[in-house]
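S.K.: Have a look at this prediction, sequence included:
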Amino acid sequence: MDFERIYGEHARGVFAVAYKVLGDGTQAQDVVQDVFLSLWRDPERFDARRGPIGHYLRMVARSRALDLWREAQVAGRAKDRMRALAETSEDPIDGRPVAAAEQHVGEAAVRRALMQLPDEQREAIVLTYWGGLTADEIASSSGTPVGTVKSRIRLGVLKLRERCAPELDVPLAA
């Protein structure tokens, strides 16, 4: 495989695909670098029987660009949530020591309960509640069926509720 020739022939097309998805030249250049570095490190991933190398490179670029775009969307949603929480807060919790202590106890209880969950359930809950991802997004990024992801979230939340209720002195029925 003549890497220099392949790069010369296909770098512009890979960049164009990435730029079309991202709308940002710097990020598109990063995608080009990732795509060709991936090809350099593992040329066996390309299977000539499945089509020309240009198609393969553009498909990898589109996939990587979409991943970056989704990551930016998640980060944006998380910022929006934090901004909304900050705007709706009437007074800072620091000014209410009892409330701050109760919040700290609650957070510690949730952290302890999270660490007791199976890895798959913990990851699904963290990605959903703190990462801002939907079950569909988690499923597509992990290659897990959507129903399985939803079940992991549901079961994990039920276990969290069971484990946190005694510590927080709240009823289980909610």
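M.R.: Cool, got the structure. Residues are numbered from 1 along each chain as shown.

S.K.: list the buried ones in the particular helix or strand that has Ala139 in it?
M.R.: Applying DSSP states H and E as the criterion places Ala139 in helix 135-142. By 16 or more other C-beta atoms under 10 Å, the buried positions in helix 135-142 come out as Ala135, Glu137, Ile138, Ala139, Ser140. For the C-beta atoms, the positions are set from N, CA and C on the backbone; glycine is no exception.

S.K.: Sort those by pLDDT and name the bottom one.
M.R.: pLDDT across the buried residues of helix 135-142 is lowest for Ser140, at 84.

S.K.: Run through the neighbouring helices and strands of the helix holding Ala139.
M.R.: In terms of contacts (3 or more C-beta pairs under 8 Å, 6 or more residues apart in numbering; DSSP states H and E), helix 135-142 is packed against helix 53-88, helix 146-168.

S.K.: Turn those helices into a markdown table, including distance to Met115, mean neighbour count and mean pLDDT.
M.R.: As requested, the helices and strands packed on helix 135-142 are exported to a markdown table (distance: least, C-beta to C-beta, whole Å; neighbours: other C-beta atoms under 10 Å; pLDDT from 0 to 100):
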| stretch | distance to Met115 | mean neighbour count | mean pLDDT |
| --- | --- | --- | --- |
| helix 53-88 | 22 | 14 | 81 |
| helix 146-168 | 10 | 16 | 84 |
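
S.K.: For Val126, which non-adjacent residue is closest in space?
M.R.: Among residues not flanking Val126 along the chain, Leu114 sits closest, at 7.4 Å (C-beta to C-beta, 6 or more residues apart in numbering).

S.K.: tell me the contacts of that neighbour?
M.R.: Going by C-beta atoms under 8 Å, 6 or more residues apart in numbering, Leu114 touches Arg122, Ile125, Val126, Leu160.

S.K.: And it, its phi and psi?
M.R.: phi -60, psi -40 (degrees, to the nearest 10).

S.K.: quick one: which of the contacts of Leu114 sit in helices?
M.R.: Arg122, Ile125, Leu160 (DSSP state H).

S.K.: Gly54 touches His10, doesn't it?
M.R.: Yes: Gly54 lies in contact with His10 (C-beta atoms under 8 Å); the separation is 5.1 Å.

S.K.: re the thing from before, what separation is there between the residue nearest to Val126 and Val17?
M.R.: Going from Leu114 to Val17 by C-beta to C-beta, to the nearest Å gives 39 Å.

S.K.: Right, I'll leave it there.
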